[in-house]
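Enquirer: sequence first, then the predicted structure:
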Amino acid sequence: MWSILVVSDNSEAFRVIRSCYPSESNVDEASNKEDALDKLQRRRYDFFFIDLEKLKESVEENAYKPAMQPLWHLYPALEIIVMSSQDKTREAVSAVKEGASDYLIYPIKHDEVKYVIESIHESIIVQSELDYLRGQFWEKDSQEIIKTNNLKMKIVFDKLRSVAPTISTVMLTGETGTGKGVLANLIHSHSNRREAQFISVHCGAIPDTLLESELFGHEKGAFTGAVRRKLGKFEIASEGTIFLDEIGTITPAAQIKLLQVLQDGTFQRVGGEVTIKADVRVIGATNMDLKRMCDDGHFRKDLYYRLNVFPIEIPPLRERLEDIPHLTETFLKKMNRINMKDIKDVSPRVMEAFQNYSWPGNIRELENLLERAYILETSSVLRPESFPSELFESQVPLSSIPFSDSNTLADVRHKAIENVERHYLKRLMEKNRGRIKESAEDAGITTRQLHKLLTKYGIRKEEFKLPQHRFHISES
């Protein structure tokens, strides 16, 4: 039940507003602003409709914010809607810019009043959810995960914080090892479904012949070896969240069934005829270019658009190098908790190498390198000797260049150039996923020159390509 106060000499406007909510709300009338303030002191109102001319009483011309401040002083959450004639529309818009919630033009219409109030109410609910999420998001285990000094990651966490309390499908994109699974878990743990199941499915690790059964279940006798009914992951995740990692690898048949889930919220078990309701939120993740796959006929366009409702692109580690010290500290704390060692830091030279390395394996590679070094290290600081020598290739420190009487400046310069070129070409091929033409264009050289350089440094384009697709789809 809402309480509404109307301040206007227009009796028809009051009648229309009151007729919008004849029973479930209280609608009062005030003759002027002073009378309205008196009523506000005695009673709390949710919505305050006021004539534009009456709002400006006792204040300077077009000074709308000072005119509304006494109202907000009594009730900071008061939603103010100004009413004006057609020729005063510009002034009404100015009032909204200075803090009013909305405006209406005389003659006041029933459907417009309903629309304005319902829109404001929906905005209040959304804002309340966001405020709650902001207050809760940074608690407990999330604290370390979401700490970042990188602008791109701050934008990622802002998007995550906005979408978490909704039921929208989320698509996480980014290279392998960027933490898509961690973010999917964060979305679930800060959603309204956090008390229910979070089911993670690595689609690329399941054989094609078993994928449909794993996701949607099967009936007894559906295929050879189906000796009993099996529940699929969508049934197990009921009222919760299902995370479909490497979603770009799923088979054409599974794509059709997944499309049905996203469109109709239903599915059937393999070999079954009963339609099952799927009350589950879907979060997808991929390191593939799904749009390109759609253009090439490897992924259904209709499914892509259903999945891509709220896309979040996660930057690779090489684009958030300022976060490496914090990530390193976090991983070391984790390792110290489960091991008998007490390693507190990494040496400056190691941290310098981290900053110069291209991180093709991203955060996962960082954690693996630290774990390997942690096992080998005998001191309280991780030293270069505990890490693979390749990590320090891109630094080209002077100590790595053999020195002898015959070691000329030209020799040093030549070796430094080779190291820089090798490092540059690897990052270029990573960026373009092994595509020669695009890489050559970015480098400003011909494809023939690029091939010669790749051969010179033993760099194979296949190492940077997307996984090969096993099927081709034509939309039905």
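Expert: All right, it came through fine.

Enquirer: hey, let's count contacts and neighbours off CA atoms from now on
Expert: OK.

Enquirer: point out where the stretch 301-450 of the chain drops to low pLDDT.
Expert: By pLDDT under 70, the weakly predicted segments of the stretch 301-450 of the chain are 393-407, 410-412.

Enquirer: residue ranges of the helices in it, please?
Expert: All helices of the stretch 301-450 of the chain, identified by DSSP state H, counting those that start in this stretch, fall at 301-307, 324-338, 348-356, 362-376, 409-431, 436-443, 447-456.

Enquirer: got CSV for these, with distance to Glu273 too?
Expert: Output for those, formatted as CSV (distance: least, Cα to Cα, whole Å):
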stretch, distance to Glu273
helix 301-307, 23
helix 324-338, 48
helix 348-356, 55
helix 362-376, 42
helix 409-431, 46
helix 436-443, 49
helix 447-456, 55
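
Enquirer: so which of these comes closest to Gln86?
Expert: helix 301-307 (41.8 Å; Cα to Cα).

Enquirer: contact partners for Glu239?
Expert: Arg193, Ala196, Gln197, Asp279, Val280, Arg281 (Cα atoms under 8 Å, 6 or more residues apart in numbering).

Enquirer: could you check the pLDDT of it?
Expert: pLDDT recorded at Glu239 is 91.

Enquirer: how close does it sit to Ile312?
Expert: 23 Å (Cα to Cα, to the nearest Å).

Enquirer: do the same with His423
Expert: 29 Å.

Enquirer: before we move on, what about Phe243?
Expert: Counting by Cα to Cα, the gap from Phe243 to Ile312 is 14 Å.

Enquirer: neighbour count winner among these two?
Expert: Phe243 (26 against 20; other Cα atoms under 10 Å).

Enquirer: helix or strand: which one has the residue nearest to Ala253 when sequence neighbours are not counted?
Expert: Nearest non-adjacent residue to Ala253, counting by Cα to Cα, 6 or more residues apart in numbering: Glu212, 7.6 Å away. Element membership for Glu212 (DSSP states H and E) is helix 208-216.

Enquirer: could you pull out the helices for the stretch 101-250 of the chain?
Expert: So, for the stretch 101-250 of the chain - with DSSP H, counting those that start in this stretch - the helices run 110-137, 142-145, 151-163, 180-189, 208-216, 233-236.

Enquirer: with mean neighbour count and distance to Ala222 added, can I get these in TSV?
Expert: Output for the helices of the stretch 101-250 of the chain, formatted as TSV (neighbours: other Cα atoms under 10 Å; distance: least, Cα to Cα, whole Å):
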stretch	mean neighbour count	distance to Ala222
helix 110-137	14	44
helix 142-145	13	43
helix 151-163	16	38
helix 180-189	21	32
helix 208-216	18	10
helix 233-236	22	17
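
Enquirer: ranking the ones you listed by mean pLDDT, which is last?
Expert: Among the helices of the stretch 101-250 of the chain, helix 142-145 carries the lowest mean pLDDT (a mean of 67).

Enquirer: for Ile459, what are phi and psi?
Expert: phi -100, psi 120 (degrees, to the nearest 10).

Enquirer: got the buried residues for stretch 314-323?
Expert: Ile314, Pro315, Pro316, Leu317, Arg318, Arg320, Leu321, Asp323 (16 or more other Cα atoms under 10 Å).

Enquirer: what residues does it touch?
Expert: 148-150, 152-153, 156, 172-175, 178, 180, 355, 357-359, 362-363.

Enquirer: now restrict those residues to buried residues only.
Expert: 148, 153, 156, 172-175, 178, 180, 355, 357-359, 362-363.

Enquirer: CA atoms of stretch 108-128 as PDB?
Expert: The C-alpha trace of stretch 108-128 is given here as PDB (Å, rounded to 0.1, in the frame of the first residue of the first chain):
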ATOM      1  CA  ILE A 108      -3.100  14.100 -16.400                       C
ATOM      2  CA  LYS A 109      -4.000  10.700 -17.800                       C
ATOM      3  CA  HIS A 110      -4.700   7.500 -15.900                       C
ATOM      4  CA  ASP A 111      -2.300   5.200 -17.800                       C
ATOM      5  CA  GLU A 112       0.500   7.800 -17.500                       C
ATOM      6  CA  VAL A 113       0.200   8.000 -13.700                       C
ATOM      7  CA  LYS A 114       0.200   4.300 -13.400                       C
ATOM      8  CA  TYR A 115       3.300   4.000 -15.700                       C
ATOM      9  CA  VAL A 116       5.200   6.700 -13.800                       C
ATOM     10  CA  ILE A 117       4.600   5.200 -10.400                       C
ATOM     11  CA  GLU A 118       5.300   1.600 -11.500                       C
ATOM     12  CA  SER A 119       8.500   2.700 -13.200                       C
ATOM     13  CA  ILE A 120       9.700   4.500 -10.100                       C
ATOM     14  CA  HIS A 121       8.800   1.600  -7.900                       C
ATOM     15  CA  GLU A 122      10.700  -0.900 -10.200                       C
ATOM     16  CA  SER A 123      13.700   1.500 -10.100                       C
ATOM     17  CA  ILE A 124      13.500   1.500  -6.300                       C
ATOM     18  CA  ILE A 125      13.500  -2.300  -6.200                       C
ATOM     19  CA  VAL A 126      16.500  -2.500  -8.600                       C
ATOM     20  CA  GLN A 127      18.500   0.100  -6.600                       C
ATOM     21  CA  SER A 128      17.700  -1.700  -3.300                       C
END
